[in-house]
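Enquirer: quick one, fold the following:
(2 chains)
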Amino acid sequence: MDLPALFRAAAPPSIPPLHSAPSPRSNYVIEKDNNIAIEGRNLNFSIKTRKGGLVPILKDCSLSIPSGQLWMLLGPNGCGKSTLLKILAGLLNPTSGTLYLKRPKSFVFQNPDHQVVMPTVEADVSFGLGKLNLTEDEVKCTVSKALDAVGMSAYMQRPVQTLSGGQKQRVAIAGALAEACKVLLLDELTTFLDETDQVGVIKAVKNSLNASDDVTALWVTHRLEELEYADGALYMENGKVVKQGDGSSIMNFIEARQSSYINRINS
Amino acid sequence: MNCTHCIIQTVTFPVLPARASSKTLISPFLAQVYPKSTFKNAHQTLKLTSFKVRASLDNSGDTNNWVSRLPTGALSGDKIFKLISGATASPIGQFISSPTTFLHSVDPRIKLIWLLALVVLPARSHIVMRFGLVVYIALLSVLVLPRHVWMDQLGRVSLLSGILFITLGLGSDGVPPLVQLRTPPPAITGLPNLPMSLSGYSYLIMKLGPLQFTRKGLSVASTAACLTFTVFQSASLCLATTTPEQLAFAMRWFMLPLRYIGVPVAEITLTLLLSLRFINLVFDEVRNVSLGIVSRRIKWKQLTIIETIDIFASYIRRIFKNIFSHAEQISQAMIVRGFRGDSNSHKIYFLSDSSIGMADFVSLLCLIGVVGAALLSDYYLV
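Expert: Model prediction:
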C-alpha cells in the first residue's frame, strides 16, 4: 500500500479512530494496527508560568506515521516540534490526548554531547544495553553491528571527545540502533553539522531503516533539502500539525507559504 | 595630602532649551519629566539658587583621579582568557589510542598496582632510588607517548617538581637559628669538640646568601619533588595508555570484595565513568566560554577593576550554568536510554579483552625488580 499517498491530501490530517477508547488522562493505547508506528490524537500540552497561568505549547495536535518509514517533522521555531518529540519519547507527559507508539523506542538529542554518556565509543553504544541481560559476546556483536551501520566500526576504542560533531552524532545514532528499537525519534541531528556530515548522518539513518523493515524514524529538521530523503513529512505551526503528506507536497506547501509571505511584505 | 574644602555660593541660570536634543547638556529624558510649559518659559525664568559645593585641591594643585591610575591593564584579561582557552585545548590525562604500544596491552589491574608502588616507593627508598624512578618514568614516557605529548607533559611536571625542589631544599632547613633550639657551644659545657668527619662529610652542602642547602633539605626536597614527578607522570602515562572503561574495570575488580561490607561498588564504577566523561565536557565549556569572551574584543585597558571583576564573575557563572545544563541533559539521556537510577540493575559492559599476556608477565617481573631494588637500597646504599 502506498502509505504516503494516503496522507497526501490530508490537510487537516484525517486519522482513523483508535481501537480502544482512552481515559481522559491516559497517554498510551497499546492495541493498534501493525502498519502504524506512531499515532497521536488531540495531544495537548501546557506549561505553568510562575504566576500560575497556563501557556499552551501543543493544541489538539494529531499525527499518524506508518511503520518502516523515515518521516520528517518541520515547522518554525517555537511551534512545538521538540516538545512533541519529547512527549513521544516519554520525557514529558501530555496534558490531554491519546498516544500510540511502537516499542522499544529511542530518542537522539540535538546535541550529541548531551546524548553520549560514556567516555569511549564502544562503551557508549553498549550503555543502552545495560537494561537487558545479555552476554558479553552478544553485546560485542550488537555494538559492532550498530557501529557498522553508521560507518563508525573503525572508531570503537576512540575517546568521544576526539570525534567530530558528525561522528559523535553517528555514535549517538548507533547507541539508539543497538537497542533494536522500533521507533527512532531524532531531534534536529544535523543542526551543528556541515554538508558532508549532514548527508552522512541522513544516509546512516536511511541505511539502518532499510536494513530492517520494522524500524520507523521521526526526524525533526529545519533543512528543507533533507526532505528528499523522507518517505513522508509533517508540518507544524502554532502547536499543531497543519499538513501531513509526502516530501514533495510538504515542500510545495512550504514554498507556497513563503511566496505568499513575500508577496504580503512587498505589497 | 593637604585638602582645602570650601563652600561657595553660586547662582545658576537654568536656561533650558525649548527642544532638548541629544547634543544638549540636558538629557532629552527631561522632556518626559517636566511639562512642555516648563521648557517654553524656561528662557524667560531666572531663578536664584544657592547650594553647597565641596571642592578639593592637593598640594600640586592638579586634580588627580586615582582610580584611573590603578593598574587595570597590567594583567590583561585578554591574555588570561587566551591562556585559559589554550591550556584547556588538550585535556590532561586523555587516552591516546594510537600508536599502540606495549603499555596499551598491559592489563589495567597491573597498571594500578604499578601506580600504587610508584606512590609508595619514592617516599620510602634511598635518594638514588628516587632519582632512578624519575629517570625510569621519564624514559618510559619518551618511549611510549608521541613526541608533542611527552614534551608537553614532562615540561609541566619537571617545572612543578623543580620549583618544589628549590623551595623545599632551601626553605626546609634554611633558617636554623630561628627554628632550632639554641644549645650552648661545647666550650661552655666543657665537652671536647666533635671530630671532623674523615670521609669529608658535611651537613651543609651549599650556602646561598642567608639560605643554606643542607642534607636535611636535600632529603625533604628530593622526596617531595620525586614523589610529585612520579605521581603526576605515572598517572598521565596510565591515563594515556588505558581507556576509562579499562580503568573502571580494574577499580571494580579490586573493589569487588568490598561489596560484602556494603560498599556500593557498581555505583562507584558508574560514577567514575561518568566523571571521566564529564571532565572533557568541563574542559570544553571552560575553553568555549573563554573563547567567546576573547572574540568580543573587549578593551580591557579602558575597564575599571570592578568591571574587570564583573566579567570574570560572569565567566565563572556562565561555566557553572552550562555545566549544570549539561548534567541535566545527560541525566535525561540516561533515562531515555534505559537507566532507572539503580546502578546494580543497569549493567555496565567492559568489552575490552582482559586476559593476561606476555606484556603483563614482563611488567610484573619489572615491578618485582623495582620493589626489590628499593628495599635493598635501604641496606646497601648509605
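Enquirer: what residues does chain A have near chain B?
Expert: A:89-91, A:106-107, A:109, A:111, A:113-120, A:122-123, A:126-131, A:133-134, A:136, A:139-140, A:143, A:157-162, A:175, A:179 (CB under 8 Å from any CB of the partner chain). Where you see a C-beta, it was placed from the backbone N, CA and C, and this is true even at glycine.
Enquirer: just the buried ones from those?
Expert: Burial of these was assessed by neighbour count (16 or more other CB atoms under 10 Å in any protein chain shown); the buried members are A:89-90, A:106-107, A:109, A:111, A:113-120, A:122-123, A:126-131, A:134, A:139-140, A:143, A:157-162, A:175, A:179.
Enquirer: which of those fall in strands?
Expert: Judged by DSSP state E, these include A:106-107 as members of strands.
Enquirer: what residue, apart from its backbone neighbours, is nearest B:Arg124 spatially?
Expert: Nearest residue to B:Arg124 in three dimensions, chain neighbours excluded: B:Ala374, at 7.1 Å (CB to CB, 6 or more residues apart in numbering or on different chains).
Enquirer: any chance you could map the helices in the chain?
Expert: By default, I'm working from chain A. Assigned by DSSP state H, the helices in chain A fall at A:3-8, A:81-89, A:112-115, A:121-127, A:136-149, A:165-178, A:195-211, A:247-266.
Enquirer: my bad, the chain I had in mind was chain B
Expert: Going by DSSP H, chain B shows helices at B:30-33, B:36-40, B:77-87, B:102-105, B:108-124, B:127-144, B:147-171, B:176-179, B:186-189, B:215-241, B:244-255, B:265-294, B:305-336, B:358-380.
Enquirer: dump those to JSON lines, plus mean pLDDT, mean neighbour count and distance to B:Ile96.
Expert: Formatted as JSON lines, the helices of chain B follow (pLDDT from 0 to 100; neighbours: other CB atoms under 10 Å in any protein chain shown; distance: least, CB to CB, whole Å):
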{"stretch": "helix B:30-33", "mean pLDDT": "43", "mean neighbour count": "11", "distance to B:Ile96": "65"}
{"stretch": "helix B:36-40", "mean pLDDT": "46", "mean neighbour count": "12", "distance to B:Ile96": "74"}
{"stretch": "helix B:77-87", "mean pLDDT": "79", "mean neighbour count": "16", "distance to B:Ile96": "19"}
{"stretch": "helix B:102-105", "mean pLDDT": "88", "mean neighbour count": "16", "distance to B:Ile96": "9"}
{"stretch": "helix B:108-124", "mean pLDDT": "89", "mean neighbour count": "18", "distance to B:Ile96": "14"}
{"stretch": "helix B:127-144", "mean pLDDT": "90", "mean neighbour count": "17", "distance to B:Ile96": "9"}
{"stretch": "helix B:147-171", "mean pLDDT": "87", "mean neighbour count": "16", "distance to B:Ile96": "7"}
{"stretch": "helix B:176-179", "mean pLDDT": "53", "mean neighbour count": "8", "distance to B:Ile96": "47"}
{"stretch": "helix B:186-189", "mean pLDDT": "64", "mean neighbour count": "9", "distance to B:Ile96": "62"}
{"stretch": "helix B:215-241", "mean pLDDT": "89", "mean neighbour count": "20", "distance to B:Ile96": "5"}
{"stretch": "helix B:244-255", "mean pLDDT": "90", "mean neighbour count": "21", "distance to B:Ile96": "13"}
{"stretch": "helix B:265-294", "mean pLDDT": "88", "mean neighbour count": "18", "distance to B:Ile96": "14"}
{"stretch": "helix B:305-336", "mean pLDDT": "90", "mean neighbour count": "15", "distance to B:Ile96": "25"}
{"stretch": "helix B:358-380", "mean pLDDT": "86", "mean neighbour count": "14", "distance to B:Ile96": "17"}
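Enquirer: to A:Ala204, which of these lies closest?
Expert: Evaluated with CB to CB, the helices of chain B place helix B:305-336 nearest to A:Ala204, the distance being 18.9 Å.
Enquirer: so the closest one versus helix A:165-178, what angle?
Expert: 30 degrees (axes from the mean of the first three to the mean of the last three CA atoms, to 10 degrees).
Enquirer: tell me which other helices or strands helix B:305-336 touches.
Expert: Packing partners of helix B:305-336 (3 or more CB pairs under 8 Å, 6 or more residues apart in numbering or on different chains; DSSP states H and E): helix A:112-115, helix B:77-87, helix B:265-294.
Enquirer: go again with 6 Å.
Expert: Using 3 or more CB pairs under 6 Å, 6 or more residues apart in numbering or on different chains; DSSP states H and E as the contact test, the elements touching helix B:305-336 are helix A:112-115, helix B:265-294.
Enquirer: report the angle between that helix and helix B:77-87.
Expert: 30 degrees.
Enquirer: nearest to B:Trp150, of the helices of chain A?
Expert: Short answer: helix A:121-127, nearest of the helices of chain A by CB to CB, at 25.4 Å.
Enquirer: now that closest one: mean pLDDT?
Expert: Taken as a whole, helix A:121-127 has a mean pLDDT of 91.
Enquirer: burial count for A:Asp144?
Expert: Let me fix one detail, which is that residue A:144 is Ser and not Asp. As a burial measure, A:Ser144 scores 17 neighbours (other CB atoms under 10 Å in any protein chain shown).
Enquirer: whoops, B:Arg296 was the one
Expert: Neighbours of B:Arg296 under the rule other CB under 10 Å: 10.
Enquirer: against chain A, how distant is it?
Expert: Counting by CB to the nearest CB, to the nearest Å, the gap from B:Arg296 to chain A is 22 Å.
Enquirer: what does the stretch 101-250 of chain B put close to chain A?
Expert: Proximity of the stretch 101-250 of chain B to chain A, by CB under 6 Å from any CB of the partner chain, involves residues B:243-245.
Enquirer: what is the nearest of those to B:Gln212?
Expert: B:Pro244 (47.0 Å).
Enquirer: OK, contacts around the closest one?
Expert: Shown in contact with B:Pro244 (CB atoms under 6 Å, 6 or more residues apart in numbering or on different chains): A:119, B:276.
Enquirer: do the same with B:Arg215
Expert: Per CB under 6 Å, 6+ apart, neighbours of B:Arg215: B:Tyr203.
Enquirer: circling back: most tightly surrounded among the helices of chain A?
Expert: helix A:121-127 (a mean of 28; mean count of other CB atoms under 10 Å in any protein chain shown).
Enquirer: before we move on, back to that, any chance of the helices and strands packed on helix B:305-336 in TSV, plus distance to B:Leu115?
Expert: TSV is the format used below for the helices and strands packed on helix B:305-336 (distance: least, CB to CB, whole Å):
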stretch	distance to B:Leu115
helix A:112-115	30
helix B:265-294	15
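Enquirer: for B:Lys79, which of those helices is the nearest?
Expert: Of all the helices and strands packed on helix B:305-336, helix B:265-294 comes closest under CB to CB, at 9.7 Å.
Enquirer: which strands or helices does that closest one pack on?
Expert: Checking 3+ CB pairs under 6 Å, 6+ apart, helix B:265-294 ends up next to helix B:77-87, helix B:244-255, helix B:305-336.
Enquirer: now the angle from the last one to helix B:265-294?
Expert: Translated: helix B:305-336. Using the same axes, to 10 degrees: helix B:305-336 against helix B:265-294 is 140 degrees.
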